[in-house]
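Trainee: pasting a predicted model and its sequence here:
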Amino acid sequence: QVQLQESGPGLVKPSQTLSLTCTVSGGSIRTSYYYWSWIRQPPGKGLEWMGAIRYSGSTYYSPSLKSRTSISRYTSKNQFTLQLSSVTPEDTAVYYCARGDYSAPGMYDYWGQGTQVTVSS
């Protein structure tokens, strides 16, 4: 059973960088052919895909967030991370990490429970 757990600060000040970590257990982030995504949901809005890191280590991002987003991984810890720079109150959301499978593009079979991040001074 694969499990994902998000961790990081719940409160970030405007203009700072939001940093989150997703710790994966029950499966390796290097296993073919999965990709590991960050997805967020602002209050009262739908899910927004932010970006992902492939099992190979390559990354790809939402065009609307690409300039502010960086995803990396620590294979020794079986973790992948999200950094979102220059945050504003509009970045307030519940942030999720999830596993995607290339055999079913756009579908996610495992999710973290989500972590609330509030951007406020």
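Mentor: Now that the structure is in, tell me what you want to look at. From a predicted model like this one, the values you see are computed outputs, not experimental measurements. Residues are numbered from 1 along each chain as shown.
Trainee: pull the contacting residues for the residue nearest the centre of the chain.
Mentor: Central residue of the chain (CA atoms, centre = their mean): residue 38, 2.3 Å from the mean position. Counting by CB atoms under 8 Å, 6 or more residues apart in numbering, residue 38 touches 20, 22, 49-52, 71, 82, 95-97. C-beta coordinates here come from the backbone N, C-alpha and C atoms, glycine included.
Trainee: quick one: pLDDT of residue 102?
Mentor: Looking at residue 102, its pLDDT reads 84.
Trainee: my guess is it contacts residue 52. True?
Mentor: No. Counting by CB atoms under 8 Å, residue 102 does not reach residue 52; the two are 11.0 Å apart.
Trainee: who has more neighbours, the two?
Mentor: Shown here are residue 102 and residue 52; by other CB atoms under 10 Å, residue 52 has more neighbours (22 against 11).
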